[in-house]
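In: Give me the fold of what follows.
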Amino acid sequence: MRTYWCETALLPDGLASRVLLTVDNGRFTAVEPNTDPGDATVLHGLVVPGLANCHSHAFHRALRGRTQTERGTFWTWREQMYAVAAALTPDSYYELAKGVYGEMLLAGITAVGEFHYLHHAPGGRPYDDPNAMGAALIAAARDVGIRIALLDTCYVAGGIDQPLNEVQQRFSDGDATAWASRVTQLSGGDDVVIGAAAHSIRGVPQEQLGAVASAFPDVPLHIHLSEQVAENEASLAAYGRTPTQVLDEAGFLSGRTSAVHATHLTSVDVGLLGSSATYSCFCPTTERDLADGIGPSVQLRDAGSPLTLGSDSHAIIDLFEEMRAVELNERLATQERGHWSAPELLKAATTTGHHSIGFPDAGTIAPGARADLVAIRLDTVRTAGTTHTAATPTGATTPAGAAEAAVFAATASDVSDVLVSGNHVVADGKHIRLDVAAQLTKSIQAVTR
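Out: Here you go, the predicted structure:
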């Protein structure tokens, strides 16, 4: 049993001061505000639940700084991404993922939804272990101390009515039935969820989407949706329907489904996503890096689609930036402020996010929940002076503005400590077991020479 004392903590009913937390067997057993620290480990600043990164392509991290030298679109960027995909092996992917997941931990991310479609050797030849690439990701996550939802992705077409290109052959099992057969050989655990995904309506033909949706009915189900206008145009030309309508007719939309990006939607699309309670996973730093556009986050929320967040291509790994970008993008689109509050965005990054990737007992500081904690310093050059003391209804005092400071001022660099299921994996801004920068340098050089 261990105890931690927080100067300020974000509890389910709001901010509280002087919070003593008791942790046993990886879970909170007691949460006591207005309590002296005693001999507990002290966590300074604002302590929030662990953050959930709901959409990751780990190998895209190798592109950072390399795709900013040219003009173009998502489609020209994709060719550079394919070059990295072609170079990876299970061993080099393990090394790269260790660095990427280590960077996530330093940013306060305690669980990742890995949208995994790089399955086979070049040419589509299966490895001796047909899940060698997925196993490498799971091993990397476990070795650095982050939980993972491996969202194993069906990808069998190069586009609507288009064959796979040479690199895409590595992604394909041939059809949805063969994909599902391979996925059944994967095993999860308390720290690993095996989820399902279809790459997109471009990567999975209309007639196979239902098979993907029904293959594993009790796990998270994810898909890229309407990230580019070109996808919508191709869908309308081939099917006479938007991608969202195609998914709805295939039985793909539900409360366990996440629509990633959901950028270019009609009002009908918004209504379908909302009425089915499908999550909308926004990845603003990637969406702006790739010039994709700004999605209708407020309309989706108001229709009933819960917001989650991801760092996708890892142009940046910083969920504080993803949170505030949702609100700031809305300001740019509408020329008005105040669409998303800091507590709403923190909920998207914690409680809602963990639910969407299959960890419903995480993302909250409450007895029985997984003991994930992120301490955010409130005395850095970015956060200093952003809070003030205010009285609570109980007569105690708490720093007012702490949530706003975290969402609208802090960065990943302001994270000092991270606990995952009670394990202290980041202390004083450093990973306890791994030199993350050295790991990233070594592993990225190995696949980009």
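
In: which stretch of helix or strand covers His354?
Out: helix 353-356 (DSSP states H and E).

In: next one: Leu346
Out: Going by DSSP H and E, Leu346 is in helix 342-347.

In: Quick check: what element follows the helix holding His354 along the chain?
Out: Downstream of helix 353-356, the first helix or strand assigned by DSSP H and E is strand 373-376.

In: Return the list of helices and strands in contact with that next one.
Out: The contact analysis (3 or more Cβ pairs under 8 Å, 6 or more residues apart in numbering; DSSP states H and E) places strand 373-376 against strand 2-11, strand 41-49, strand 415-420. (C-beta placed from N, C-alpha, C; glycine too.)

In: ok, now with 10 Å
Out: Judged by 3 or more Cβ pairs under 10 Å, 6 or more residues apart in numbering; DSSP states H and E, strand 373-376 is in contact with strand 2-11, strand 41-49, strand 109-116, helix 402-408, strand 415-420, strand 423-427.

In: That strand pairs with which strands?
Out: As defined by DSSP bridges, the strand partners of strand 373-376 come to strand 41-49 (antiparallel), strand 415-420 (antiparallel).

In: so of those, which one's packed in deepest?
Out: Most buried of the strands paired with strand 373-376, by mean neighbour count (mean count of other Cβ atoms under 10 Å): strand 415-420, with a mean of 25.

In: Let me see the confidence value for Gly72.
Out: Looking at Gly72, its pLDDT stands at 62.

In: got it, and Leu290?
Out: Leu290 is assigned 88 on the pLDDT scale.

In: Hmm, Gln228 and it touching each other?
Out: Yes - between Leu290 and Gln228 there is a contact under Cβ atoms under 10 Å: 8.6 Å.

In: Stretch 23-31 spans what distance, first to last residue?
Out: Taking Cα to Cα, to the nearest Å, stretch 23-31 runs 9 Å from one end to the other.

In: from the chain's centre, how far out does it sit?
Out: Relative to its parent chain, stretch 23-31 has a centroid offset of 25 Å by Cα atoms, centre = their mean, to the nearest Å.

In: what's next to that stretch, contact-wise?
Out: With contacts defined as Cβ atoms under 10 Å, 6 or more residues apart in numbering, stretch 23-31 is touched by 1-4, 6, 9, 11-12, 16, 19-22, 41, 190-191, 361-362, 364-373, 419-423.

In: Pull out the buried members of the residues you listed.
Out: Buried by 16 or more other Cβ atoms under 10 Å: 3-4, 6, 9, 11, 16, 19-22, 41, 191, 362, 364-365, 369-373, 419-422, out of these.

In: got any ranges where the stretch 301-449 of the chain has weak pLDDT?
Out: 391-398 (pLDDT under 70).

In: hang on, the earlier thing: helices or strands next to the helix holding His354 in the packing?
Out: Packed next to helix 353-356, using 3+ Cβ pairs under 10 Å, 6+ apart, are strand 51-56, strand 109-116, strand 147-154, strand 257-261, strand 279-282, strand 307-309.
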